[in-house]
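**Q** Need the 3D shape of this:
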Amino acid sequence: MQITWYGQSCFKIVSGQTSIIIDPFDKALGITPPRGKVDILLISDSSLSDYSQIDAGFVVSGAGEYEIGGIHINGVSSFKKDEKGDPKKQTTMYVVVVEGVRICHLSDFDYNQVTEVLDKMGQVDILMVPIGGKYKIGSAEFDSLDSERAVNVVSEIDPRVVVPMNFKVPKLKLDIDGSDKFMKAMGVADVSAVEKITLKKRDLPQEGRDVVLMKLP
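**A** Below is the predicted model:
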């Protein structure tokens, strides 16, 4: 499979002839969103996603188990009470199984929400984890993990590969942290960022953990 990161929580995963995009965004963020045709589109938070430029075969935007073209997807949504005390969906975490590799995309789950759903994740091979902390878009505030809590989450989930997301990159019009603090805390401060991750299940580390920093294509 091949993984490309477009910024924030947006990734493209390609396996054979099947393509998946997670969390496309509005170009108003200042960075370039993905576009074109895709087989599966995963939306963790509809208030943050813009898929007007994407022609998707299947769109998944909430909790549930799905089997699409040999790709298994498990979505778990988090809820918080609104001003009336009623539960309101916040975001959806996805575990996607591609070529036997279990990929967990944490979206904007905060630390307490992560610990509540650990038993629903199963073994995680690749963890896509936010590290930039809280941010605002207009008047809306999003309580994303910062580097300190992201490190704790990595320790709790114990993945084989960690891919940080939701951090400051050039041209991004959001006030969030960069990647330096997280990478230093993970002991890989001098790592070079890559544009793509290409791997098979046999390539996953059998001991220890890899941290892969990505850059925009």
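**Q** Grab the nearest non-local neighbour of residue 56.
**A** Across the structure, with CB to CB, 6 or more residues apart in numbering as the measure, the residue nearest residue 56 apart from its sequence neighbours is residue 41 (3.8 Å). Every C-beta, even on glycine, is put in place using the N, C-alpha and C of the backbone.
**Q** same for the helix or strand encompassing that neighbour, what does it pack against?
**A** Under DSSP states H and E, the secondary-structure element containing residue 41 is strand 36-42. When contacts are defined as 3 or more CB pairs under 8 Å, 6 or more residues apart in numbering; DSSP states H and E, strand 36-42 packs onto strand 18-22, strand 54-60, strand 71-81.
**Q** could you give the mean pLDDT of it?
**A** For strand 36-42, the mean per-residue pLDDT is 96.
**Q** relative orientation of that strand and strand 54-60 in degrees?
**A** Going by axes from the mean of the first three to the mean of the last three CA atoms, to 10 degrees, strand 36-42 is angled at 20 degrees with respect to strand 54-60.
**Q** Could you check the angle strand 36-42 makes with strand 71-81?
**A** Orientation check (the same axes, to 10 degrees): strand 36-42 against strand 71-81 gives 60 degrees.
**Q** Strand 36-42 pairs with which strands?
**A** Under the criterion DSSP bridges, strand 36-42 sits next to strand 18-22 (parallel), strand 54-60 (parallel) in its sheet.
**Q** Reformat the ones you listed into JSON lines and put mean neighbour count, mean pLDDT and distance to residue 164 next to each item.
**A** Shown next, in JSON lines, are those (neighbours: other CB atoms under 10 Å; pLDDT from 0 to 100; distance: least, CB to CB, whole Å):
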{"stretch": "strand 18-22", "mean neighbour count": "23", "mean pLDDT": "97", "distance to residue 164": "15"}
{"stretch": "strand 54-60", "mean neighbour count": "15", "mean pLDDT": "95", "distance to residue 164": "23"}
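**Q** Nothing else from me, thank you.
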